[in-house]
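Visitor: pasting a predicted model and its sequence here:
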Amino acid sequence: MPFLIWLRDNSTSTWIRESESVWAYPTVLFLHTFGMSMLVGLISAIDLRVLGVGRQLPLRPFARLLPLVWIGFWINLVTGTILFAIDAPTKIENPAFPIKLAFIAVGMVLVKVARRELLRYEPGTSPLVDTRDRVLAGLSLAVWAGAVTAGRLMAYVGTRG
């Protein structure tokens, strides 16, 4: 806990948390939201295609979205670390926090699986997707919904003294 208190109380964390500058907390929060929209939005589009939305679209080109998914992930990793640091002792005790992290870890494993699966399909074809891929896509949607929900609930769960 002393490290978490130091993290919260260092000058950078204090400035981000307490500054009225738009370049402090509002920018970090905006970038976190933007990264999440890239990550979860693009993965959701891929998952929905695998589940049958837009069947006429070939699957393999969706693999080109995965570098943008990873950019969204790295934006969220950096900004999430900053958001954690500015109130680390409170965040670490929030019961939604480890749930959020677990969902993100599972979700990123599913992103790696999605890449491998998307590259299996022939370029330019609109194949019938097998049951395994549909189950993984449904699981991915559920996991990312859980991560976003757990992240949002952190503002409301475990905040009462």
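Guide: Good, I have the coordinates.
Visitor: tell me which residues of stretch 137-148 come out buried.
Guide: Neighbour-count burial for stretch 137-148 flags 137, 140, 141, 143, 144, 146, 147, 148 (criterion: 16 or more other C-beta atoms under 10 Å). For every residue, glycine as well, the C-beta is placed using N, CA and C.
Visitor: does residue 99 sit in a helix, a strand or a coil?
Guide: Secondary structure of residue 99, reduced to three states by DSSP: H, G, I helix; E, B strand; the rest coil: helix.
Visitor: three-state assignment of the residue nearest to residue 93 when sequence neighbours are not counted?
Guide: Counting by C-beta to C-beta, 6 or more residues apart in numbering, residue 93 lies nearest to residue 158, which is 6.3 Å off, once chain neighbours are set aside. Using three-state DSSP, the secondary structure recorded for residue 158 is coil.
Visitor: tell me how far residue 158 lies from residue 92.
Guide: 10 Å (C-beta to C-beta, to the nearest Å).
Visitor: residue 119 and residue 59 touch, don't they?
Guide: No. Under the criterion of C-beta atoms under 8 Å, residue 119 is not in contact with residue 59, lying 9.3 Å apart.
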